[in-house]
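[1] Whatever this is, show me its structure:
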Amino acid sequence: MVEIKKTVPKMGTKSEAGMKKLANRLKELEDQLVVCIRCGMCQSVCPLFEQTRREADVARGKLALLDGLGKNLFTDPDGVDERLNKCLLCGSCAANCPSGVNVVEIFIKARAILAEFKGLSPMKKLIFRKMLANPSTFDNLTEWAGKFQGIFTKDEKNAQGTSCARLVAPLISPLINDRHILPMAAKPLHKTTPMINTAPGRSGLKAAIFTGCIIDKIFPAIGHDLIDIFKYHGVGTYIPQGEGCCGIPALASGDMATFEKLVEYHIKLFDQEQFDYLITACATCTSTIKKLWPSIYEGKSSGIREKIGRLSEKTLDINQFLVNKVSFSNDTQGIKSENFNQNNVRKTRVTYHDPCHLKKSLGVISEPRDVIRASGKELVEMEGSDKCCGMGGSFNLYHYGISSKIGNLKQKNIADTGCDTVATGCPACMVQISDMLAKEHLDIKVRHPIQLYADFLREQKLI
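    Residues are numbered from 1 along each chain as shown. Sure, this is the predicted structure:
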């Protein structure tokens with residue numbers, strides 16, 4: 001039996017208007033919860049349940065808990081918060097639900113209700129509202145952190161003498177569970193490409209690029225490759241100054257204020273220029289902008305909701321854009337060609353990890369594989385390519401033990417293919433997979449499909 005702590009809320013800490021707003025949100029949540037028929041199909045696909053075998057950790061158990069959320073807010077708010085936040089938000093349950101329950105959206109809204117009731121911790125207020133909600137402040141702080149990262153880290157080579165996850169934190173590893181971390185780039189993307197605004201070329205298309213935090217600060221090479229690919233294919237490019245976070249870290253913690261501030265900020269930023277598509281190379285950013293911005297945003301700013309809807313419709317993953325929207329020239333024989341590097345004795349063997357937010361949320365499956373093949377690589381499918389890698393954003397911070405167990409399963413499936421490289425369309429997955437491979441000292445590179453394609457174009461002297 002789970003012991004329920006009887007806590008007495010501090011009455012009067014919330015205004016009548018605030019409590020009425022909370023009640024309305026609870027009612028909306030109840031309307032979504034009735035769709036669940038408690039069939040248990042979510043158990044078979046939940047990566048967390050696979051590790052813990054606890055009903056409370058699977059979607060059905062959490063939805064049952066939320067059925068009485070109004071009561072549980074007063075009896076055990078901390079317990080509800082703990083159980084609800086022990087979730088990867090990978091969407092495996094929603095993608096396989098026969099009743100079509102939008103589990104991820106329900107959990108996010110429930111977290112917002114809990115955050116509204118309990119309030120954010122001082123640390124989260126500092127991180128989200130003082131840092132993340134202000135892109136220039138966030139940029140400055142991460143740049144300073146990058147300058148001093150060497151104090152807490154050292155180079156670590158894998159068994160073959162090359163770097164995979166290049167840094168490990170020896171001084172504080174007991175505190176961070178001996179994570180292997182990738183360093184922040186010496187120069188983030190926004191420093192080397194502060195603004196780009198070019199006209200359409202032979203493609204006749206113009207695309208804005210939403211960079212995303214991890215590409216900007218850890219993988220700027222992906223951003224540079226994306227720009228070079230657009231230039232080669234004659235795609236006009238717009239990258240405005242001052243891009244920030246898509247808002248998913250704050251949203252996942254229930255901080256609606258920061259999430260809505262960031263949404264409004266970027267709507268105004270991208271509203272300054274006309275373009276055909278908004279492109280990202282981050283699965284999570286794509287899913288957030290396309291799915292969560294229009295469904296979760298509740299702000300009252302004039303015209304913002306309509307602009308969110310229009311921008312959402314324009315938003316595409318980079319692999320989708322290249323395969324479905326850009327006419328590839330004869331120089332590359334078309335994106336779906338498998339005839340590149342025919343004279344090579346052995347092609348580079350690449351396996352592909354399906355990011356949860358790309359396959360399960362957006363249905364993007366074949367396009368990244370087409371890009372890999374177009375790069376002259378031999379694609380070798382791994383077992384369970386669409387199984388979650390265990391990252392889950394903040395889940396990795398709070399539940400690193402379980403995150404590592406899930407990630408280790410992914411690492412084994414990757415290694416079993418005998419590949420040289422594992423590709424994935426999510427920078428966060430790249431961080432997690434690099435950590436798991438580094439722990440095993442495996443000489444397997446972790447790359448984005450776009451990096452592989454850009455490398456091929458360079459090899460052919462096309463860019």
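[2] all strands for this protein, in order.
    Under the criterion DSSP state E, strands of the chain are mapped to 154-155, 167-168, 180-181, 196-197, 206-210, 236-239, 277-280, 315-317, 349-353, 378-379, 421-424, 445-447.
[3] Now render those as JSON lines, adding distance to Gly100 and mean neighbour count.
    In short, each C-beta sits where N, CA and C put it, glycine included. Below are the strands of the chain laid out as JSON lines (distance: least, CB to CB, whole Å; neighbours: other CB atoms under 10 Å):
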{"stretch": "strand 154-155", "distance to Gly100": "49", "mean neighbour count": "10"}
{"stretch": "strand 167-168", "distance to Gly100": "43", "mean neighbour count": "20"}
{"stretch": "strand 180-181", "distance to Gly100": "38", "mean neighbour count": "20"}
{"stretch": "strand 196-197", "distance to Gly100": "40", "mean neighbour count": "15"}
{"stretch": "strand 206-210", "distance to Gly100": "28", "mean neighbour count": "24"}
{"stretch": "strand 236-239", "distance to Gly100": "36", "mean neighbour count": "21"}
{"stretch": "strand 277-280", "distance to Gly100": "26", "mean neighbour count": "24"}
{"stretch": "strand 315-317", "distance to Gly100": "22", "mean neighbour count": "24"}
{"stretch": "strand 349-353", "distance to Gly100": "26", "mean neighbour count": "24"}
{"stretch": "strand 378-379", "distance to Gly100": "32", "mean neighbour count": "18"}
{"stretch": "strand 421-424", "distance to Gly100": "27", "mean neighbour count": "24"}
{"stretch": "strand 445-447", "distance to Gly100": "34", "mean neighbour count": "22"}
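[4] worst average pLDDT in these?
    Between those, the one with the least mean pLDDT is strand 167-168; it has a mean of 51.
[5] where are the low-confidence patches of this protein?
    Residues of the chain meeting the criterion pLDDT under 70: 1-19, 150-177, 328-346.
[6] Break it into its domains for me.
    Domain assignment for the chain by automatic domain parsing gives 16-119, 189-324, 331-459.
[7] Distance to Pro183 added to those domains, as a markdown table?
    Below are these laid out as a markdown table (distance: least, CB to CB, whole Å):
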| stretch | distance to Pro183 |
| --- | --- |
| domain 16-119 | 25 |
| domain 189-324 | 8 |
| domain 331-459 | 11 |
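[8] out of those, nearest to Lys147?
    domain 189-324 (12.7 Å; CB to CB).
[9] Would you work out how far apart the start and end of the closest one are?
    Start to finish, the residues bounding domain 189-324 are 27 Å apart (CA to CA, to the nearest Å).
[10] ok, back up a step: among the strands of the chain, which is nearest Arg53?
    strand 349-353 (24.7 Å).
[11] For that closest one, name the packing helices and strands.
    Identification of packing neighbours for strand 349-353 by 3 or more CB pairs under 8 Å, 6 or more residues apart in numbering; DSSP states H and E yields helix 366-374, strand 378-379, helix 400-416, strand 421-424.
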